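Trainee: Just to be clear, the model below is a prediction. Sequence and coordinates:
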Amino acid sequence: LALSMSIFSDVPQAPPVAVFKLTADFREDSHPQKVNLGVGAYRTDDCLPWVLPVVKKVERLIVEDDSLNHEYLPILGLPEFRSASSKVALGDDSAAIQENRVGGVQALGGTGALRIGAEFLRRWYNGVNNTATPVYVSAPTWENHNSVFADAGFKDIRPYHYWDAAKRGLDITGLLDDLETAPERSIFVLHACAHNPTGTDPNQEEWKKIAEIMKRRNLFVFFDSAYQGFASGSLDKDAWAIRYFVSEGFELFVAQSFSKNFGLYNERVGNLTVVAHDNENLTRILSQMEKIVRTTWSNPPSQGARIVSKTLNCPELFAEWKGNVKTMADRVLLMRDQLKAKLQGLGTPGTWDHITQQIGMFSFTGLNPKQVEFMIKERHVYLMASGRINMCGLTSKNIDYVAQSIHEAVTKVQ
Amino acid sequence: VNLICSLLLLSWWGGVQMGPPDPILGVSEAFKKDSNPKKMNLGVGAYRDDQGKPFVLSCVRKAEAIISAKQLDKEYLGIGGLAEFTKCCAQLALGNDNEVLKSGRSITVQTISGTGSLRIGGNFLSRFHAGPRDVYLPKPSWGNHTPIFRDAGMQLKAYRYYDPSTCGFDFKGALDDISKIPEQSVIMLHACAHNPTGVDPRPEQWKEISDLVKKRNLLVFFDMAYQGFASGDIDRDAWAVRYFIEQGHNILLSQSFAKNMGLYGERVGGFTVVCGDVDEAKRVESQLKILIRPIYSNPPMNGARIASTILSTPDLRSLWLEEVHGMANRIIKMREQLVAGLQKEGSTHNWQHVIDQIGMFCFTGLKPDQVERLTKEFSVYMTKDGRISMAGVTSGNVGYLAHGIHAVTK
């Protein structure tokens, strides 16, 4: 049996995705005090995954409902899910929704929503198939942003100033400057709230300045909204930037994820909200979105969308969900308070205000790569090379050990 | 300022054309709007029971109950999906004892049903295949194959397959065309229950195809969306796939569990690459992950969990095999009844192909104008190419269908 020379013998080994490698290394570590501050998934104070009580309730309802089947969803997804999702982002009283110029494309998580949006933009924005349109992503950003837009065909992906390492905050001057100098019609990926990985968001005044320049310079607004509700505990507060931009008349995209705020990570629930100038444009846009979806996954998975849809569309369940979200957000806020207090108590050099000023799941600690290596190798505390920690990985049981570890990293390693 | 204001009044999207409705799914849309009580939807390939209702398999309900009781968490799957699922998925296609699985020289990733699998495959070929950019599809093929591979960056060509004069397999034409395909090109083969024609090669024909494909040094990409659903026997339906592997083809394989487990909306599928050795399989796996991550990061859990529970729990697996056999049998019976009905109507045409064809679809041989009449006058909805989904035929409506087909063809 002579097997011919493989067609794929030249395929190189690709590097593993960093954040998943970190978790893999963590799993193999046998140190009793190991802590995983890597992957962005919520953990309880017992460091366990948490299936939201409202999700358990709704899942039971679904399993017990014999009238439900497993038929295909429409290409654009479950209609009740799409409308409820867009409403969550834009608000109950959204004029744009009332004007019938808002549509949704159910997608596989926030990633799927970003990809469908990116594919659409590459085909239809700023001309036809204009792969040269610059796409700006924040420096730093979620690393998958680059790949999503690159694989969608965009050739020119650039950073915009965002994180100021020296002052451990937002480099608003640099950001606004990039907006002023970007080629007109460039696409900007904005984090709606709880910026990943820095946890640093513009305040309202800063958002207003950003919007003013983007409008004046014809820049395209693409919001990534993966943490609505999770950041401050309030859905409305976390959607303020999106709603402001919509009220300013922008046509924009919002890639929504329900992975974190519903804890539905592995069911891949997301929605691309499209805000268009009018219904006629919206209709044409959605018809082209269908074509993109049809060659990517044909139609989206139903389980997660059903859970979210049932919850959002039922007042009692919706209220219960908001409570569950607040529980998660509050625990994160508590850990932030405590970590800062402990570092200050230890007299760890530097200021640690950024830990409580930052918002959402992540904190950009400011630890440098050498210090990060120390944390992992010597202290078995796993975090990203960027110094990003997942606050959800902190618990009342491990916070002292983590604080002590950071203290040692800062004092022993330059 | 006025210019800026007026620019703002314009949409970004003025140049976006209205996309044409999907030819297959568009049929269902039109069907829904029809108020004729006798209407029949023979468009989409989704199985219906003899009452015309969607069928949730008992093995699926049982698996769901088991899973529900386990109260599992919802943590992200790996990029390649649920390990228990990908293992079962590969074993189902290749057979438990397959040398390929024992040696570890293949990689299977969980995908978003068959479409997602084909797209990943297309993207992989586009990025890594050193040979020509052409994917050769049988003529005709599933309508979505072309745009999937095109969007993945490949080009499409065709080889003869369906013979309209016999409503059967154009074996000579296929061999003739395949013999001319440039080396290292990709050839797509439907493993069983060819969509849309229902026409499959016989085993001895598959053997000749395999020899010729080997001689031409072509890369084989199997699309297997109907394992178990075609003949009712999962091993029989996978015969061609297993034969080709045995013959030394290192194939690409797309699998779907939409039809054979009725898990349509859960989006359960797999993509397999049979490699030269374990090292190559690992390298290929790493690159598949790099492709998948910027599309949807990692696949959905629910359907894969159901499928793997069924496949790995002996009594559920037996129940599944029975149910899939039952679905295939009902289809076969409807084929027989349709032909009997046509004969009863007095049709003088030869309808043997309706019985000879296999799987969910039947290529009736109806011409577009006849299809249009069937839809307009009888509210029978099907795709323009004359394809009907036998799954939409019941003992209650097969007579009406025979009447309608006879009316437009006599």
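Mentor: Nice, thanks for sending it over.
Trainee: Just the element for the residue nearest to residue A:129 when sequence neighbours are not counted, please.
Mentor: Residue nearest to residue A:129 in three dimensions, not counting chain neighbours: residue A:123, with 5.9 Å by Cβ to Cβ, 6 or more residues apart in numbering or on different chains. Just so you know, the C-beta spots here come from the backbone N, C-alpha and C atoms, and that holds for glycine as well. Under the criterion DSSP states H and E, the helix or strand holding residue A:123 is helix A:109-124.
Trainee: just checking, what packs against that helix?
Mentor: strand A:102-107, helix A:144-151, strand A:220-225, strand A:252-257, strand A:270-275, helix A:279-296, helix B:278-296 (3 or more Cβ pairs under 8 Å, 6 or more residues apart in numbering or on different chains; DSSP states H and E).
Trainee: Go through those and name the closest to residue B:396.
Mentor: Nearest of the helices and strands packed on helix A:109-124 to residue B:396, taken as Cβ to Cβ: helix A:279-296 at 32.2 Å.
Trainee: tell me which strands and helices that closest one is in contact with?
Mentor: Packing contacts for helix A:279-296, counted by 3+ Cβ pairs under 8 Å, 6+ apart, involve strand A:102-107, helix A:109-124, strand A:270-275, helix B:113-128, helix B:145-151.
Trainee: Does the fourth one reach chain A?
Mentor: Yes. For a cut-off given as Cβ under 8 Å from any Cβ of the partner chain, helix B:113-128 has contacts with chain A, namely B:113-116, B:119, B:128.
Trainee: Now the element after the helix holding residue A:123, going C-ward?
Mentor: strand A:135-139.
Trainee: among the helices and strands packed on helix A:279-296, which is the most enclosed?
Mentor: strand A:270-275 (a mean of 29; mean count of other Cβ atoms under 10 Å in any protein chain shown).
Trainee: Which element, helix or strand, includes residue B:245?
Mentor: Under the criterion of DSSP H and E, residue B:245 resides in helix B:239-246.
Trainee: Okay, now the sheet partners of the next helix or strand after that helix, with direction.
Mentor: Heading C-terminal from helix B:239-246, the first helix or strand you meet, by DSSP H and E, is strand B:252-256. Its sheet considered, strand B:252-256 pairs with strand B:219-224 (parallel), strand B:268-274 (antiparallel) by DSSP bridges.
Trainee: my guess is residue B:94 contacts residue B:103, does it?
Mentor: No. Using Cβ atoms under 8 Å, residue B:94 makes no contact with residue B:103, being 11.4 Å away.
Trainee: So between the two, which is more surrounded?
Mentor: More crowded of residue B:94 and residue B:103, by other Cβ atoms under 10 Å in any protein chain shown: residue B:94, with 22 against 12.
Trainee: Need the pLDDT of the more buried one.
Mentor: On pLDDT, residue B:94 comes in at 98.
Trainee: residues in contact with it?
Mentor: Applying Cβ atoms under 8 Å, 6 or more residues apart in numbering or on different chains to residue B:94 gives the contacts B:100-101, B:106, B:238, B:241-242, B:245.
Trainee: let's go with 10 Å and repeat that
Mentor: By Cβ atoms under 10 Å, 6 or more residues apart in numbering or on different chains, the contact set of residue B:94 is B:100-101, B:106, B:108, B:238, B:241-242, B:245, B:251, B:253, B:272, B:274.
Trainee: Any chance of a markdown table for the residues you listed, columns pLDDT and neighbour count?
Mentor: What follows is the contacts of residue B:94, written out as a markdown table (pLDDT from 0 to 100; neighbours: other Cβ atoms under 10 Å in any protein chain shown):
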| residue | pLDDT | neighbour count |
| --- | --- | --- |
| B:100 | 97 | 20 |
| B:101 | 97 | 19 |
| B:106 | 97 | 24 |
| B:108 | 98 | 29 |
| B:238 | 98 | 23 |
| B:241 | 98 | 27 |
| B:242 | 98 | 16 |
| B:245 | 97 | 22 |
| B:251 | 97 | 20 |
| B:253 | 98 | 28 |
| B:272 | 98 | 27 |
| B:274 | 97 | 27 |
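Trainee: Could you save the helices and strands packed on helix A:109-124 as a markdown table and add columns showing mean pLDDT and distance to residue B:85?
Mentor: Listed next are the helices and strands packed on helix A:109-124 as a markdown table, based on pLDDT from 0 to 100; distance: least, Cβ to Cβ, whole Å:
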| stretch | mean pLDDT | distance to residue B:85 |
| --- | --- | --- |
| strand A:102-107 | 98 | 22 |
| helix A:144-151 | 98 | 23 |
| strand A:220-225 | 98 | 29 |
| strand A:252-257 | 98 | 23 |
| strand A:270-275 | 98 | 22 |
| helix A:279-296 | 96 | 21 |
| helix B:278-296 | 95 | 15 |
